[in-house]
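**Student:** Mind folding the following:
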Amino acid sequence: MKIKTTILLLVLNAMVFFFLLKQKSPFEIGDEGEDDRILSFAPPVHEVKRIEIQAGEDHYSLEKLGTEWFVNEPIQWAANPFAVRRMISRLDAGEAQVVFPVTDIIQRNQTLDDFGLQDPKISLTLGFEEKDYILSFGAPVEIGDRVYMLTPGKDEIVVVDSGLLQPFLLSAEELKADSILSIPLFEVESVIVEFTPEGARQRFKKKDQKWMIDSPFSAIASHEAMQSALDKLLNLDAQILGELPPEQIDIQHFNAVCRIEIIGNRRNEVLLLNHFLVNGEPSEDFYLAKMEGRTTYFVLSRPEVDRWRTASNDFRKKNLFEFSPESVTKLEIFEHTEASSQISFLRLENNDWKCFSESEVYTKPDSFELDAPMVYEALDLLQSLIVMDFVNDAPTAEDLEVYGLLEPLITITVEADRVFTLEVGNGVEESAQSYANLRDSDGIVTVANEILELFTTDPFHYRNRNLTLFEEGAGFSYFVLGAKESESQLDSRSIESFLENSQQKLAVEDAQARIQAIQALLRDFRSEGFLKTEELEEGIGFPFELRFYSDVGSELGRLELTDRLAGSVQIGRLEDEEHLILLPVEMIDALFPLLHDLRIPEEHEFPEEKAPEPEEVEVPEEETSDNES
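**Tutor:** Okay, here's the model as predicted:
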């Protein structure tokens, strides 16, 4: 019997222990040394779900929904995450400097009012999953920057640093987040925009970190344009409404003219907008706005929102080609003219390029070396080719015929990770654009002619532009620049005598720098292109010549020069070269003031002699008879 009684008592003691453990106070002061003791919460303070602050007549309320905090009072808004984290962090690190039970002050005939805790100046309510706990803060301590605090059980008074309160003494403006939406840019997965009544529903969706237009048509969106527009939308400067005249706010009849839904990871937010009235008329500068499910109204800039009206067109990806030049294995250009011609560039295993041409008009590419940089320049031009206008997203066969795309004028094909084929049709009337279509794409677009004109099937355009003016071991030492019809010349070895008569008044240092630049360009000469002799305009001559010599004075070659024909055009002619050469711009600039002093001055050109005209003899009027007159 005694054993049964003992066992029963042990069981009862265990039940009482677990009951007391269950009823353990949510707030404790743990030992952390002789002087400093840490404020401890159970459950931990980082699990708090609600925070309410009562400071005199001001009342603020915050609530955690999912992973984000929101202000519920005095406004309904996304909370400033930094401000909330500072509140929780400060509570978690709070220290009790002095602790004494309430029973002690009662024994000393004191009351809570003596410590400012009967009607506390500040009350802080922490809401956990199951229960709310209140911390009351009263009068400041006479010595030191400290304040009295009443624990949630109202059984202990704690002296804490007044800095514990600082994160909670914020205005509504400081508590709210800067952005109107709480979903960060990196988390946005979809955007739905609806303008009523005229606007179509637009939907944008992110797929594999790329933005796509899902509605009203399917197309690739410009990632940069979408990210930029979204960033501006998420960070719009919102002005919360205060006391405004009733005629400006029609809140009772808030019928949204625009609805923008931002969808993130397992959450979404909806922005509703209505007209902001000024003198009874909708403002052209502002929208009246609110978040769906919240009651706080605010004003937003209208232009930044209205750009989403045509977002499906404006944010479309305008680059027709998307490839890496290093991945391209073949480039093909086909001109559909009366004398159709085709040129193909094939990358070999050693990364060199081989040119193939099928044409009865142009020179065969086997007669000269291919210029690989020109192939890469063509690929760069294709990458820079952008859509000027989206014309038709669902063309019929009749549409293709009208735009000249059933039988295109030019076809450009790039074989890389995938095959891109651009077909170019008729030109747009009164415009420097042409209709085009990217094969396997449903849409018809327009592109600029100025880029397309740079593509030709003439292999001559792609010949190697690196020219060897003299052999590497020839010992090139100096050059002489002269005018054919005069004795004026410039020897690069001695320029002082030339500069003495210079009309340009060049400094010696400037002239030497130009001569060094010319010598460097001659050693590693690369032309801007070539010109067939028959293409040279009539009347253009070669009045200058540039002769280059070895260190022993033997002539290595000469380059005949035209005058500067335009800002960046000057033509040269080599003895052993059947085609004319377009000089590089750097050489044109270096030569210009030097050639100016070699020209024959106009005052030295003598006009043809003319026979003197007979002098007129004036007859006096009085000696003239009537018959003569």
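
**Student:** tell me which element the most centrally placed residue in the chain is part of?
**Tutor:** In the chain, the residue lying closest to the centroid (CA atoms, centre = their mean) is residue 224, at 5.7 Å. Using DSSP states H and E, residue 224 falls within helix 223-234.

**Student:** Give me the buried positions along that helix.
**Tutor:** By 16 or more other CB atoms under 10 Å, the buried positions in helix 223-234 come out as 225, 226, 227, 229, 230, 233, 234. Glycine gets a C-beta too; all of them are placed from N, C-alpha and C.

**Student:** which one of these sits closest to residue 134?
**Tutor:** residue 234 (36.1 Å; CB to CB).

**Student:** OK, contacts around the closest one?
**Tutor:** The contact partners of residue 234, taken as CB atoms under 8 Å, 6 or more residues apart in numbering, are 179, 180, 181, 183, 184, 185, 188, 262.

**Student:** again, only using 7 Å
**Tutor:** Contact partners of residue 234, counting by CB atoms under 7 Å, 6 or more residues apart in numbering, are 179, 181, 185.

**Student:** Also residue 454?
**Tutor:** residue 381.

**Student:** Can you report how many residues neighbour residue 63?
**Tutor:** Residues lying near residue 63 (other CB atoms under 10 Å) number 16.

**Student:** on that earlier part again, filter the contacts of residue 234 down to the buried ones and hand me the PyMOL line.
**Tutor:** If you want just the buried ones from the contacts of residue 234 in PyMOL, going by 16+ other CB under 10 Å, the selection is:
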select buried, resi 179+181
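
**Student:** Redo the contacts of residue 234 as JSON lines? Include distance to residue 350.
**Tutor:** As requested, the contacts of residue 234 are exported to JSON lines (distance: CB to CB, whole Å):
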{"residue": "179", "distance to residue 350": "55"}
{"residue": "181", "distance to residue 350": "55"}
{"residue": "185", "distance to residue 350": "45"}
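
**Student:** Sitting in helices, which of the contacts of residue 234 do you find?
**Tutor:** Assigned to helices by DSSP state H, none of the contacts of residue 234 qualify.

**Student:** quick one: which of the contacts of residue 234 is nearest to residue 130?
**Tutor:** residue 181 (31.3 Å).

**Student:** Local confidence estimate at that closest one?
**Tutor:** Looking at residue 181, its pLDDT reads 84.

**Student:** Just the helices from this protein, written as ranges.
**Tutor:** 2-22, 81-92, 102-107, 172-175, 223-234, 302-306, 311-314, 372-384, 397-402, 449-452, 496-500, 508-523, 585-596.

**Student:** Which one of these lies nearest to residue 39?
**Tutor:** Closest among the helices of the chain, using CB to CB: helix 81-92, at 7.1 Å.

**Student:** picking up where we left off before, and of the helices of the chain, who's closest to residue 61?
**Tutor:** helix 172-175 (9.8 Å).

**Student:** Same list, the helices of the chain, but as a markdown table with mean pLDDT please.
**Tutor:** As requested, these are exported to a markdown table (pLDDT from 0 to 100):
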| stretch | mean pLDDT |
| --- | --- |
| helix 2-22 | 49 |
| helix 81-92 | 87 |
| helix 102-107 | 87 |
| helix 172-175 | 82 |
| helix 223-234 | 91 |
| helix 302-306 | 88 |
| helix 311-314 | 88 |
| helix 372-384 | 87 |
| helix 397-402 | 88 |
| helix 449-452 | 78 |
| helix 496-500 | 74 |
| helix 508-523 | 90 |
| helix 585-596 | 89 |
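
**Student:** Compare these and report which one is nearest to residue 409.
**Tutor:** helix 449-452 (9.2 Å).

**Student:** by contact count, what packs against the closest one?
**Tutor:** Packing partners of helix 449-452 (3 or more CB pairs under 7 Å, 6 or more residues apart in numbering; DSSP states H and E): strand 433-438.

**Student:** what are the bridge partners for residue 79, then?
**Tutor:** Counting by DSSP bridges, residue 79 is bridged to residue 176.

**Student:** Kindly apply the preceding question to residue 559 instead.
**Tutor:** Beta-bridge partners of residue 559, as defined by DSSP bridges: residue 546, residue 574.

**Student:** Read off the pLDDT value for it.
**Tutor:** For residue 559, pLDDT reads 93.

**Student:** burial of it, as a residue count?
**Tutor:** Counted with other CB under 10 Å, residues neighbouring residue 559 total 24.

**Student:** swap in residue 381?
**Tutor:** 15.

**Student:** just use 120 as the starting number from now, easier for me
**Tutor:** With the count now opening at 120, the last piece we talked about shows up as residue 500.

**Student:** Pull the contacting residues for it.
**Tutor:** 570, 573.

**Student:** quick one: the strands in the stretch 420-569 of the chain?
**Tutor:** Ranges of strands within the stretch 420-569 of the chain are 449-454, 460-466, 472-477, 508-511, 529-534, 538-546, 552-557, 563-567, based on DSSP state E, counting those that start in this stretch.

**Student:** quick one: low-confidence ranges for the stretch 170-319 of the chain?
**Tutor:** For the stretch 170-319 of the chain, residues meeting the criterion pLDDT under 70 lie at 317.

**Student:** got it, and the stretch 420-569 of the chain?
**Tutor:** Looking at the stretch 420-569 of the chain by pLDDT under 70, you get 457-458, 478-487, 561.

**Student:** Arrange the strands of the stretch 420-569 of the chain in TSV, one row each, with mean neighbour count as further columns.
**Tutor:** Shown next, in TSV, are the strands of the stretch 420-569 of the chain (neighbours: other CB atoms under 10 Å):
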stretch	mean neighbour count
strand 449-454	19
strand 460-466	18
strand 472-477	16
strand 508-511	16
strand 529-534	19
strand 538-546	19
strand 552-557	22
strand 563-567	21
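
**Student:** There's contact between residue 319 and residue 332 in this structure, I believe.
**Tutor:** No: applying CB atoms under 7 Å as the test, residue 319 and residue 332 come out as separate, 11.7 Å apart.

**Student:** Neighbour count: those two, which is higher?
**Tutor:** Taking neighbours as other CB under 10 Å, residue 319 and residue 332 compare with residue 332 leading, 22 against 12.

**Student:** ok, now which ones touch the more buried one?
**Tutor:** Counted by CB under 7 Å, 6+ apart, residue 332 has contacts 323, 338, 340, 431, 435.

**Student:** Repeat the analysis, applying 6 Å as the threshold.
**Tutor:** 338, 340, 431 (CB atoms under 6 Å, 6 or more residues apart in numbering).

**Student:** list the contacts for the residue nearest to the second one when sequence neighbours are not counted?
**Tutor:** Counting by CB to CB, 6 or more residues apart in numbering, residue 330 is the residue found nearest to residue 340 once chain neighbours are left out, at 3.9 Å. Residues in contact with residue 330, defined by CB under 6 Å, 6+ apart, are 323, 340, 342, 345.
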